[in-house]
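A.B. asks: Pasted the sequence and its predicted model underneath.
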Amino acid sequence: MIKIVDNDIWRGSSKIGWLENNRVFDEDGIKVGHYQGNDIFDTDGIKVGYIMNNRLESNDGKSFPLDDIRNKIAGSSAPDIIRAAVFLLIGDE
């Protein structure tokens, strides 16, 4: 399970990334994308997903209930868009 603590993204005891100014970085410090409003973008600024009607819709045709994402990406104070961005841009395992 992934956990968001403050601006850090953890998998178990390993830091696998962080959040900074609506941007998502991996453990190597490489920007993997960003989020704005209800939309998620890759590093090229291409929209890869969005939140609508309590679901994360990805541009590859997949749809995920936000409840499932909340169960996979822990972080009591993290808004759904941040969890969804981490889920899409970094993964959940």
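C.D. replies: Noted; the coordinates are in hand.
A.B. asks: Mind jotting down where the helices sit in this structure?
C.D. replies: 66-72, 80-89 (DSSP state H).
A.B. asks: just checking, what packs against the shortest one?
C.D. replies: Going back to what we said before, that points to helix 66-72. Packing contacts for helix 66-72, counted by 3 or more C-beta pairs under 8 Å, 6 or more residues apart in numbering; DSSP states H and E, involve strand 55-58, helix 80-89. The C-beta positions use only the backbone N, C-alpha and C, and glycine is treated the same way.
A.B. asks: if you set the cut-off to 6 Å instead, what comes out?
C.D. replies: Identification of packing neighbours for helix 66-72 by 3 or more C-beta pairs under 6 Å, 6 or more residues apart in numbering; DSSP states H and E yields helix 80-89.
A.B. asks: List the contacts of the helix it packs on.
C.D. replies: By C-beta atoms under 6 Å, 6 or more residues apart in numbering, the residues outside helix 80-89 that reach it are 9, 24, 32-33, 35, 40, 48-49, 51, 56, 66, 69, 73.
A.B. asks: can I get those residues in TSV with neighbour count?
C.D. replies: Converted to TSV, the contacts of helix 80-89 look like this (neighbours: other C-beta atoms under 10 Å):
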residue	neighbour count
I9	25
V24	25
V32	17
G33	24
Y35	23
I40	27
V48	16
G49	26
I51	22
L56	24
L66	17
I69	19
I73	23
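A.B. asks: of all the residues you listed, which comes closest to G17?
C.D. replies: Using C-beta to C-beta, I9 comes nearest to G17 of those, at 4.0 Å.
A.B. asks: so the closest one touches G17, yeah?
C.D. replies: Yes - assessed by C-beta atoms under 6 Å, I9 is found in contact with G17 at 4.0 Å.
A.B. asks: tell me how far the ends of stretch 47-63 are from each other?
C.D. replies: Using C-alpha to C-alpha, to the nearest Å, the end-to-end distance of stretch 47-63 comes to 15 Å.
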